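1. Sharing a model prediction with you, sequence too.
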Amino acid sequence: MPPDHGPRKVLVGATMFNMFGDYPGLEVRLDELGGLIGEMAAQASEQHGGARLDLAALPECAVNGGLSGPAAEVAFPLEGRVQEVIGGRARDHGCYVVLPLVLAEDGQAGVFTNAAVLLDRSGEVAGIYRKVHLAPGPGPEELEGGLTGGDHFPVFECDFGRVGVQICYDMAFHDGWEVLARKGAEIVVWPSQWAGQINASARALRHGYFVLSSTWNNNACLVDPTGHVIREIREDGVFVEQVDLDYVLIHWQPALNEGKVFDEAYGARAGYRYDPNENTGIFWSNDPETPIREMVRALGLETWPDQIARSRALQDRLRGRPPRLD
């Protein structure tokens, strides 16, 4: 069992922002994006007693959305106005920002990427994810109009936890999501033009992390590690939601009583969402002095991963070997 940490409350924000119309120009677009970050920060403060936003996620190609043509004609460098303006908003609001754009990396060499830049609370670059699985086209031998694909899946250490990124068409491929889980990602941000909840829910459930989508249309959402959509918007705007990264998953067991045992023992000092349709819930502590795993032990409960591990070990021992996988 992981060590007891105590609550890790994180305020995350995302947007649904329609960019299918004419491009308004770089300065106007940067002002629009800065405004969306400001709206998220204001919601965080209003809804959570003056708390600051921790992470703001913008949609795929946010800086360039609405431009069309070859990569060399639509890409922007990060240095200069893009980082000045959006880095300034990150600094103003004291939050991390996932800033997606068609990035001019080396114009002379023809290197342009579909990237998501993670800016830290001071507006500096904390890392860059370059979309690995670019969509084919429009020509038969090019990807996304001449972009160069990335070749790895980094996880970024933020002061609140570990963040990974996947972009749009990455959803159709398993490898990136699996690597991010192996590297310990706790939140995966999915900037996208492909809105989707079933796919995002499947990734979150399979790998045990939160998935935060920021999109162009239909919906933007936050999915928790049980695979449930816990927040969504279906029109242009922003949302902010608080999550606790120090949580446990608990499957049905008699003493749990669908979570009510936590109400009886801890009241508002504990929080949870339990779904009787799935016989599973996610549980967290609201008490800085009592980590959730300490509560679980005191109640004589078993987490879902521990139950799975115990069951597998017993099965293999009594069978005499692990099951064949051929």
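-> That came through, no problem. Treat the numbers as computed from the prediction; the structure is a model and nothing was measured. Numbering: from 1, shown residues only.

2. For the residue lying closest to Glu124 once chain neighbours are set aside, grab the count of nearby residues.
-> Excluding the flanking residues, the one nearest Glu124 by Cβ to Cβ, 6 or more residues apart in numbering is Gly87, at 7.0 Å. In this view, the C-beta of every residue, glycine as well, is placed from N, C-alpha and C. Residues near Gly87, counting by other Cβ atoms under 10 Å, number 20.

3. Check the secondary structure at Gly87 for me.
-> helix (DSSP: H, G, I helix; E, B strand; the rest coil).

4. Next one: it from Gly35, what distance?
-> Between Gly87 and Gly35 the distance is 15 Å, computed by Cβ to Cβ, to the nearest Å.

5. circling back to that earlier point, quick one, what contacts the residue nearest to Glu124?
-> Gly87 makes contacts with 119, 123-124, as judged by Cβ atoms under 8 Å, 6 or more residues apart in numbering.

6. Tell me where the stretch 151-300 of the chain has strands.
-> Assigned by DSSP state E, counting those that start in this stretch, the stretch 151-300 of the chain shows strands spanning 155-157, 162-165, 187-192, 210-215, 220-223, 229-233, 237-244, 247-251, 270-275, 280-285.

7. Quick check: Glu32 touching Leu26?
-> No: with contact defined as Cβ atoms under 8 Å, Glu32 and Leu26 do not form a contacting pair (10.7 Å).

8. Buried residues in stretch 134-141, which are they?
-> Across stretch 134-141, burial judged by 16 or more other Cβ atoms under 10 Å covers 134-135.

9. Give me the residues contacting it.
-> The contact list for stretch 134-141, computed with Cβ under 8 Å, 6+ apart, reads 114, 142-145, 147, 149, 168-169.

10. re earlier: ok, the contacts of Gly87 vs Gly50, which is closest?
-> For the contacts of Gly87, the minimum distance to Gly50 (Cβ to Cβ) is 21.7 Å, reached by Gly123.

11. Quick check: the gap between the residue lying closest to that closest one once chain neighbours are set aside and Leu119.
-> Counting by Cβ to Cβ, 6+ apart, Gly87 is the residue found nearest to Gly123 once chain neighbours are left out, at 3.0 Å. Gly87 sits 5 Å away from Leu119, going by Cβ to Cβ.

12. Export the longest strand belonging to the chain to PDB, keeping only CA atoms.
-> Looking across the chain with DSSP state E, the single longest strand is strand 96-106. Provided in PDB are the C-alpha atoms of strand 96-106 (Å, rounded to 0.1, in the frame of the first residue of the first chain):
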ATOM      1  CA  TYR A  96      -0.100  25.700 -14.500                       C
ATOM      2  CA  VAL A  97      -1.400  26.000 -18.100                       C
ATOM      3  CA  VAL A  98      -1.600  23.300 -20.800                       C
ATOM      4  CA  LEU A  99      -1.200  25.400 -23.900                       C
ATOM      5  CA  PRO A 100      -1.700  23.500 -27.200                       C
ATOM      6  CA  LEU A 101      -0.500  24.900 -30.500                       C
ATOM      7  CA  VAL A 102       1.000  24.000 -33.900                       C
ATOM      8  CA  LEU A 103       4.500  24.800 -32.900                       C
ATOM      9  CA  ALA A 104       7.300  26.100 -35.100                       C
ATOM     10  CA  GLU A 105      10.300  24.200 -33.700                       C
ATOM     11  CA  ASP A 106      12.700  24.700 -36.600                       C
END
